[in-house]
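Novice: no FASTA, just this:
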């Protein structure tokens with residue numbers, strides 16, 4: 001791992017957890033955060049001397065968590081939540097966790113010079129500025145998010161990025177998977193060999209490097225595996241994350257000698273050899289599989305998907321019986337598959353569910369928002385509409401059932 005200013009006397013760690021963000025991000029895949037695993041991840045970087053978790057503990061969903069967090073060594077910090085309804089009738093929740101957590105980060109960086117590493121457990125892009133400020137003060141910043149809901153803007157600024165579901169507490173089958181060691185005399189595929197030679201040439205143009213082409217080829221194989229992992233899971237991959245991912249997969253000495261600071265040259269060599277695509281958009285280089293369609297790479301997302309917010313105290317998905325859950329899922333599925341229906345909007349889902357749950361519109365909107373947070377629904381493609389009155393175009397989101405969600409699979413008999 002990079003030192004990032006973490007010298008002697010600066011070996012302690014601050015762990016700050018945006019509890020609601022982490023908890024509900026994991027809930028989208030029917031998982032719960034493990035505080036022990038979080039602390040162990042933070043302890044990889046030094047002694048945890050400052051540990052806090054932030055949320056509205058008066059909220060019924062979080063009300064039982066503070067005692068457990070305190071026992072596990074995290075100080076629960078109360079942050080007030082404001083509930084309101086938009087002009088469209090959608091239930092929204094706004095809190096100031098990002099402000100309070102950011103203030104505590106800056107205060108701790110002043111009061112506790114022994115803290116050299118700040119571990120921020122959140123995927124919220126609003127922490128972008130505090131990460132930049134901490135690094136400017138010579139602190140190392142580690143971001144822990146979930147792989148499907150972490151802002152690329154945030155992780156590009158961090159020194160180290162850990163994904164909770166991949167690096168902190170991986171699924172059992174992933175954790176138990178045997179590591180395949182490459183064969184010592186494995187023949188290098190011609191295009192990879194050409195890419196390795198080109199990568200070595202680009203690296204040497206910027207300074208001396210002690211490496212054999214076969215060693216460079218092994219690093220390039222790791223990069224291709226990273227691109228494959230990200231893209232097959234629907235995750236965007238900015239070039240700036242490749243170095244961080246290589247750190248996790250390579251022995252530290254090999255990373256320092258072969259790969260540190262050279263991800264751009266290696267990716268460019270792979271691009272020139274046709275083994276991956278590198279596209280510049282929004283002033284950033286993004287990596288894609290070589291066979292991806294052009295339209296899939298025209299507008300990379302540089303901000304992680306925001307979680308839907310809903311009022312836990314009102315009618316929501318958790319209030320439905322098993323039979324009611326099946327009924328709303330089937331109703332959404334049937335509406336999507338009607339002739340001429342190519343996608344579903346938020347309001348169309350609301351209108352579909354009104355006669356099913358027999359509740360007022362504001363309650364049904366809150367229900368739909370909660371289904372997004374529970375992972376029953378997910379955001380689909382963004383569409384462009386045209387106003388018949390003004391002729392102007394506007395963007396709107398579409399939504400779809402998540403066919404990997406256990407409730408959806410049971411309701412639609414996919415298991």
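Specialist: Thanks, I have the structure now. Note that the structure is a prediction, hence the values are computed from the model and not measured.
Novice: okay, domains of the chain per the record?
Specialist: Domain segmentation of the chain under automatic domain parsing yields 12-176, 190-297, 317-411.
Novice: which of the residues in stretch 231-248 are buried?
Specialist: Neighbour counts over stretch 231-248 (16 or more other C-beta atoms under 10 Å) mark 231, 235-248 as buried. For the C-beta atoms, the positions are set from N, CA and C on the backbone; glycine is no exception.
Novice: contacts for that stretch, please.
Specialist: 1-2, 147-148, 152, 155-156, 158, 160-161, 167, 219, 222-223, 226-227, 230, 255, 259-261, 263-264, 266-267, 278, 284-289, 292, 300-302 (C-beta atoms under 8 Å, 6 or more residues apart in numbering).
Novice: likewise stretch 98-109?
Specialist: Contact with stretch 98-109 is made by 14, 16, 18, 50, 52, 54, 77, 79, 115, 118, 120, 122, 124, 126-127, 129-130, 133-134, 137, 139, as judged by C-beta under 8 Å, 6+ apart.
Novice: could you flag which of the residues you listed are buried?
Specialist: 14, 16, 18, 50, 52, 54, 77, 79, 115, 118, 120, 122, 124, 126-127, 130, 134, 139.
Novice: so what's residue 370 closest to, chain neighbours aside?
Specialist: residue 316 (3.6 Å; C-beta to C-beta, 6 or more residues apart in numbering).
Novice: neighbours around residue 249, how many?
Specialist: Residue 249 sits with 13 neighbouring residues when counted by other C-beta atoms under 10 Å.
Novice: need the per-residue pLDDT for it.
Specialist: What the model reports as pLDDT for residue 249 is 86.
Novice: in helices only, show me the contacts of stretch 231-248.
Specialist: 152, 155-156, 219, 222-223, 226-227, 230, 263-264, 266-267 (DSSP state H).
Novice: and the furthest pair within these?
Specialist: Largest separation among those by C-beta to C-beta: 152 and 219, giving 22.7 Å.
Novice: you'd agree residue 270 is up against residue 276?
Specialist: Yes: in terms of C-beta atoms under 8 Å, residue 270 counts as a neighbour of residue 276; the distance is 4.8 Å.
Novice: joint contacts of those two?
Specialist: 223-224.
Novice: go ahead and confirm residue 345 touches residue 400.
Specialist: No: judged on C-beta under 8 Å, residue 345 makes no contact with residue 400 at a distance of 11.0 Å.
Novice: coming back round to it: now do the same for the residue nearest to residue 370: its pLDDT.
Specialist: On pLDDT, residue 316 comes in at 87.
Novice: burial measure for it, as a count.
Specialist: 21.
Novice: give the contact list for it.
Specialist: Applying C-beta under 8 Å, 6+ apart to residue 316 gives the contacts 310, 366-367, 369-370.
Novice: tell me which of those residues has the lowest pLDDT.
Specialist: For the contacts of residue 316, the pLDDT minimum is residue 310, 67.
Novice: which of the contacts of residue 316 are buried?
Specialist: 310, 366-367, 369-370.
Novice: report pLDDT for the residue nearest the centre of the chain.
Specialist: Centroid-nearest residue in the chain: residue 150, 2.4 Å away (criterion: C-alpha atoms, centre = their mean). For residue 150, the model assigns a pLDDT of 83.
Novice: that one sits in which helix or strand?
Specialist: According to DSSP states H and E, residue 150 maps onto no helix or strand at all.
Novice: find the residue closest to it in space, skipping its chain neighbours.
Specialist: For residue 150, the spatially nearest residue (C-beta to C-beta, 6+ apart) is residue 123, at 3.4 Å.
Novice: my guess is that neighbour contacts residue 158. True?
Specialist: No: with contact defined as C-beta under 8 Å, residue 123 does not count as touching residue 158 (11.2 Å).
Novice: identify the contacts common to these two.
Specialist: Counting by C-beta under 8 Å, 6+ apart, the residues touching both residue 123 and residue 158 are residue 143.
Novice: so residue 221 is in contact with residue 192, correct?
Specialist: Yes: under the criterion of C-beta under 8 Å, residue 221 makes contact with residue 192 at 7.0 Å.
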